[in-house]
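**Student:** After the sequence you'll find the predicted model.
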Amino acid sequence: MTGDRVIDRFFNVFETERGMLYIRSNRCPRYLDQFGQSKYTSVCTDLAAIVFLALMFASITVPILIILSIFVTIPGVAAVQEFVSLVVIPEGSEILSISAAVYIVASVCVAVVVHEFAHGVAMRAEDISIEEIGIECVLVFPVAAYVIPVDDSYEAASIRSRIRILSAGVFANVLL
């Protein structure tokens, strides 16, 4: 199958607006059904919700511990503070090479697409119909992706279903 035929098979609308290229499809949701109906999808989305909640807890707890370590000596927090200093303020000031920048941009592009794909699969696993999926590009680089549910089907879903859908994208990023 040639490249043009593959693109035509999945994406059926190409538009440009405000300097961005929009690649949209209402055909791709069929392919998401195949992943969404897998027997492992439910387990993965439940695991995603647990990971999501753990990451939220950590993102609140770690900064509080670091702030407290400024005023009070808490055993074990010094190691966390040293790690954060190492990550946030690396020693040396090397300039990013072009080849490394290409890999970083490519990685971010893949992460954006996989993130939204995971939301789409979770929607189909929860029996929420998808109206459209798409990618927004600047030049040839995808900077955003999206999945649009049909009408108010997402709002009508249970809280558990919405948590599973929202956490699926985060879980996909963690797996990457």
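**Tutor:** Nice, thanks for sending it over.

**Student:** any idea how far the longest helix along the chain is from the chain center?
**Tutor:** When the chain is scanned for its longest helix (criterion: DSSP state H), the result is helix 41-71. A distance of 16 Å separates the centroid of the chain from that of helix 41-71, by C-alpha atoms, centre = their mean, to the nearest Å.

**Student:** And stretch 157-172, by the same measure?
**Tutor:** 12 Å.

**Student:** Name the residues of it that are buried.
**Tutor:** The neighbour-count check on stretch 157-172 (16 or more other C-beta atoms under 10 Å) flags 157, 161-172 as buried. Where C-beta positions appear, they are placed from N, C-alpha and C, glycine not excepted.

**Student:** how about those residues in CSV, adding pLDDT, secondary structure and distance to V102?
**Tutor:** Listed next are those as CSV, based on pLDDT from 0 to 100; DSSP: H, G, I helix; E, B strand; the rest coil; distance: C-beta to C-beta, whole Å:
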residue, pLDDT, secondary structure, distance to V102
A157, 90, coil, 40
S161, 90, helix, 39
R162, 90, helix, 37
I163, 90, helix, 36
R164, 89, helix, 35
I165, 90, helix, 32
L166, 89, helix, 31
S167, 90, helix, 31
A168, 90, helix, 28
G169, 89, helix, 24
V170, 87, helix, 26
F171, 89, helix, 27
A172, 90, helix, 22
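
**Student:** for the residue most central in space within the chain, what are its contacts?
**Tutor:** Nearest residue to the geometric centre of the chain (C-alpha atoms, centre = their mean): H115, 2.8 Å. Residues in contact with H115 (C-beta atoms under 8 Å, 6 or more residues apart in numbering) are A145, G169, V170, A172, N173.

**Student:** Tell me, how many residues neighbour the last one?
**Tutor:** Right, the one you point to is N173. 14 (other C-beta atoms under 10 Å).

**Student:** any weak-confidence spans in the chain?
**Tutor:** Where the chain drops to pLDDT under 70, the residues are 1-19, 25-31, 72-96, 140.

**Student:** just the strands in it please.
**Tutor:** Assigned by DSSP state E, the strands in the chain fall at 13-17, 20-25, 130-138, 141-149.

**Student:** So for Y103, which of the ones you listed sits nearest?
**Tutor:** Nearest to Y103, of all the strands of the chain, is strand 141-149, at 13.2 Å by C-beta to C-beta.

**Student:** And for the closest one, what's in contact with it?
**Tutor:** By C-beta under 8 Å, 6+ apart, the residues outside strand 141-149 that reach it are 20, 105, 109, 112-113, 115-117, 119-120, 123, 128-137.
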